[in-house]
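Asker: A structural model of the following input is requested.
(chains A and B)
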Amino acid sequence: EAGVAQSPRYKIIEKRQSVAFWCNPISGHATLYWYQQILGQGPKLLIQFQNNGVVDDSQLPKDRFSAERLKGVDSTLKIQPAKLEDSAVYLCASSLGLQGRTGELFFGEGSRLTVL
Amino acid sequence: AQRVTQPEKLLSVFKGAPVELKCNYSYSGSPELFWYVQYSRQRLQLLLRHISRESIKGFTADLNKGETSFHLKKPFAQEEDSAMYYCALGVQGAQKLVFGQGTRLTINP
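Answerer: Sure, this is the predicted structure:
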């Protein structure tokens, strides 16, 4: 079974530039997550999709971050304009999303962003 | 609000010694607790969850609701246990996880 795919693996940009990350979840997984992991910290949830609808985006800085999940499969996370503090690893994860208990989250390898 | 605290950022023990990684949580609902692990150059993956009550790679963790803790334990550490360990809290009905800051475990030969 293929895992969660993310690209690009690494990206270096200057502040005020824009960047986009792409995620392809495990086939059949209804729930997709974007987490931000700043160096030395644990992953922080930015946005959660159930199929193509947003379930939770309470911690997404909406003035600069946007995300979409077209057709309930792939997702893109965009940052525009980037700030220095956006330097982090952006992790995509997916789960079956069955009702009831929290299921296992399967993570991608992450996209490491450096903002100069 | 939900919160997970891992008080140790770094933990170093010798091979064969017991290991305990601490995790405390703050949550008003019915907690679901997990341990995720990230080995060097690998992706973050599930190690164990409290509802399973099973031992994975020799690790166990017991949910103590009175102390709001979910410490990860292993009686005899092995070098391959060196990794980054994250405790995570499942938010009831929300299908999402809140992570602690992680503990880097190093097993010395």
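
Asker: any low-confidence regions in the chain?
Answerer: Went with chain A since none was named. Applying pLDDT under 70 to chain A picks out residues A:1.

Asker: quick one, strands of it?
Answerer: A:5-7, A:10-13, A:19-24, A:31-37, A:44-50, A:53-56, A:65-68, A:75-79, A:88-95, A:106-107, A:111-115 (DSSP state E).

Asker: same check, this time on chain B
Answerer: B:3-5, B:10-14, B:19-21, B:24-26, B:32-38, B:45-49, B:60-61, B:72-74, B:83-91, B:96-99, B:103-108.

Asker: which residues touch stretch A:109-116?
Answerer: Outside stretch A:109-116, the residues that touch it by C-beta atoms under 8 Å, 6 or more residues apart in numbering or on different chains are A:6-15, A:19, A:21, A:37, A:79, A:82-92, B:43. Every C-beta, even on glycine, is put in place using the N, C-alpha and C of the backbone.

Asker: show me which of those are buried.
Answerer: A:6, A:11, A:13, A:19, A:21, A:37, A:79, A:82, A:86-92, B:43 (16 or more other C-beta atoms under 10 Å in any protein chain shown).

Asker: can you pull the contacts of residue 96?
Answerer: Because you didn't say which chain, this covers chain A. A:28-31, A:103.

Asker: not quite, I wanted chain B
Answerer: Each residue near residue B:96 by C-beta under 8 Å, 6+ apart is listed here: A:33, A:45, A:48, A:55-56, A:102, B:90.

Asker: only alpha carbons, please: show stretch B:37-55 as PDB.
Answerer: Below are the C-alpha coordinates for stretch B:37-55, written out as PDB (Å, rounded to 0.1, in the frame of the first residue of the first chain):
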ATOM      1  CA  VAL B  37       7.600   7.600  17.100                       C
ATOM      2  CA  GLN B  38       9.900   9.000  14.400                       C
ATOM      3  CA  TYR B  39      13.100   7.100  13.700                       C
ATOM      4  CA  SER B  40      16.000   8.700  12.000                       C
ATOM      5  CA  ARG B  41      15.100   9.500   8.300                       C
ATOM      6  CA  GLN B  42      11.700   7.900   8.600                       C
ATOM      7  CA  ARG B  43       8.200   9.400   8.800                       C
ATOM      8  CA  LEU B  44       6.200   9.800  12.000                       C
ATOM      9  CA  GLN B  45       4.300   6.600  12.800                       C
ATOM     10  CA  LEU B  46       2.000   5.200  15.400                       C
ATOM     11  CA  LEU B  47       3.700   3.200  18.100                       C
ATOM     12  CA  LEU B  48       0.800   2.400  20.400                       C
ATOM     13  CA  ARG B  49      -2.600   3.600  21.600                       C
ATOM     14  CA  HIS B  50      -4.100   3.200  25.100                       C
ATOM     15  CA  ILE B  51      -7.200   1.400  24.000                       C
ATOM     16  CA  SER B  52      -5.200  -1.400  22.600                       C
ATOM     17  CA  ARG B  53      -3.400  -2.200  25.900                       C
ATOM     18  CA  GLU B  54      -0.700  -4.100  24.000                       C
ATOM     19  CA  SER B  55       3.000  -4.100  24.000                       C
END
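
Asker: burial count for the residue lying closest to residue B:21 once chain neighbours are set aside?
Answerer: Distances taken as C-beta to C-beta, 6 or more residues apart in numbering or on different chains place residue B:72 nearest to residue B:21, at 4.3 Å, with adjacent residues excluded. Neighbour count of residue B:72, defined by other C-beta atoms under 10 Å in any protein chain shown: 23.
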